[in-house]
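A.B. asks: Give me the fold of what follows.
(one chain, ligands or ions: 1)
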Amino acid sequence: MKIGICQIKVVQDKNKNIENAERMIREAALNGSHLVVLPEMFNCPYENKYFLPFAESYPGKTTNKLASLAKELGIYIVGGSIPEKDGDMVYNTSYIFDHHGEMIGRHRKIHLFDIDVLGGIRFKESDSLGYGEEMTVVDTLYGKIGVAICYDMRFPELMRLMALEGAKVIVVPAAFNMTTGPAHWDITLRARALDNQVYFIAASPSRDMDASYHAYGHSSIVNPWGEIISQADEKECIIYGEIDFKMIEKVRNELPLLKHRRTDLYTIRKG
Ligand SMILES: NC(=O)CCC(=O)C(=O)O
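C.D. replies: Numbering: from 1, shown residues only. A predicted model of the protein is given here:
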């Protein structure tokens, strides 16, 4: 399975963002991608004040475009994430489409990015967004794929549950920043891939120093041995990588971490 990650430059015009995503998805498909991945909030600047005005209910303009592209091009799309409106709530939501254009999964970000790093970044997603409540693992022709969004990847329990649920590939639309990105991006992706013996696919927007949030970029594909096999810099681009399912089995057989877990000891006992 060939993966294409579109590291999109997000602007303040939703239509332009959708057009740009379409252009890049078409290019990635033309170059042989079976699964195309977009970044977190790819149709909307990553700032609380934009989430509600850019939000749409399902089905909407953005998801209709993704569904029709998936069908026309015969590819799977993990549609980054967009602000999703549901009643009075807005969620940070990723829609997943199969090669027939059917929506096969929807992940609402479970862990909201509420942080305050002294001298660095402060962000409080929960000021404008609601919490997702479910893990997302979808069935594809290629096997099971887990989907989570950005800050979700910092929670090893969720990643492990997806692996135990059968995911061989974990896809994470994301948007780390210039405080945490240089310090934590590579190491987190590599650790999650290594711990769970999965391919780990992380998609970021490109960096725009004129925006209020400076995305780290560095969209990456990491193999189950923890090696980065493809990585972008900070600019708009598409990167590619092959998923070798035999390698997942080989690593899991040679180093049977998932089998060696001592689950009998992993419960905190009181008293
Ligand atoms: N959009 C996000 O969830 C950002 C997460 C992030 O930057 C981090 O350090 O975690």
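A.B. asks: Now do the contacts for the nearest residue to R160 once chain neighbours are set aside.
C.D. replies: Closest residue to R160 apart from its sequence neighbours, by C-beta to C-beta, 6 or more residues apart in numbering: N196 at 6.1 Å. All C-beta atoms are positioned from the backbone trio N, CA, C, and that covers glycine. Going by C-beta atoms under 8 Å, 6 or more residues apart in numbering, N196 touches 159-160, 162-163, 167, 170, 224, 258.
A.B. asks: got a pLDDT number for E236?
C.D. replies: Looking at E236, its pLDDT reads 98.
A.B. asks: Next one: it from P182, what distance?
C.D. replies: Taking C-beta to C-beta, to the nearest Å as the measure, E236 falls 19 Å from P182.
A.B. asks: the more surrounded of these two?
C.D. replies: Neighbours were counted for E236 and for P182 using other C-beta atoms under 10 Å; E236 has more, 17 against 12.
A.B. asks: distance of that one from the ligand?
C.D. replies: According to C-beta to the nearest ligand atom, to the nearest Å, E236 stands 18 Å off from the ligand.
A.B. asks: can I assume that residue is in contact with Q7?
C.D. replies: Yes - using C-beta atoms under 8 Å, E236 is in contact with Q7, at 5.9 Å.
A.B. asks: what residues are shared contacts of these two?
C.D. replies: In contact with both E236 and Q7: S206, using C-beta under 8 Å, 6+ apart.
A.B. asks: Buried among the contacts of N196? Need that as a selection in ChimeraX.
C.D. replies: Only the buried members of the contacts of N196 enter the following ChimeraX selection, criterion being 16 or more other C-beta atoms under 10 Å:
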select :159,162,163,167,170,224
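A.B. asks: Now, the contacts of N196 that are in strands?
C.D. replies: With strands taken from DSSP state E, the overlap with these comprises I170.
A.B. asks: from the contacts of N196, which single one is nearest I121?
C.D. replies: Nearest to I121 among the contacts of N196, counting by C-beta to C-beta, is M159 at 22.8 Å.
A.B. asks: Assign a three-state SS to the residue lying closest to that closest one once chain neighbours are set aside, would you?
C.D. replies: Spatial nearest neighbour of M159, chain neighbours left out: R192 (4.9 Å); criterion: C-beta to C-beta, 6+ apart. Following DSSP: H, G, I helix; E, B strand; the rest coil, we place R192 in the helix state.
A.B. asks: pretty sure R192 is touching P156, no?
C.D. replies: Yes - assessed by C-beta under 8 Å, R192 is found in contact with P156 at 6.9 Å.
A.B. asks: With neighbour numbers in mind, choose between those two.
C.D. replies: In this comparison of R192 against P156, neighbours counted by other C-beta under 10 Å, the higher total goes to R192 at 26 against 13.
A.B. asks: got the contact list for the more buried one?
C.D. replies: Per C-beta under 8 Å, 6+ apart, neighbours of R192: 153, 156, 159, 170, 198, 200.
A.B. asks: how far away is the second one from the ligand?
C.D. replies: In this case it means P156. According to C-beta to the nearest ligand atom, P156 stands 13 Å off from the ligand.
A.B. asks: Next, give phi and psi for that residue.
C.D. replies: Note on P156: backbone dihedrals following degrees, to the nearest 10 are phi -60, psi -30.
A.B. asks: now the last one
C.D. replies: Note on F200: backbone dihedrals following degrees, to the nearest 10 are phi -120, psi 120.
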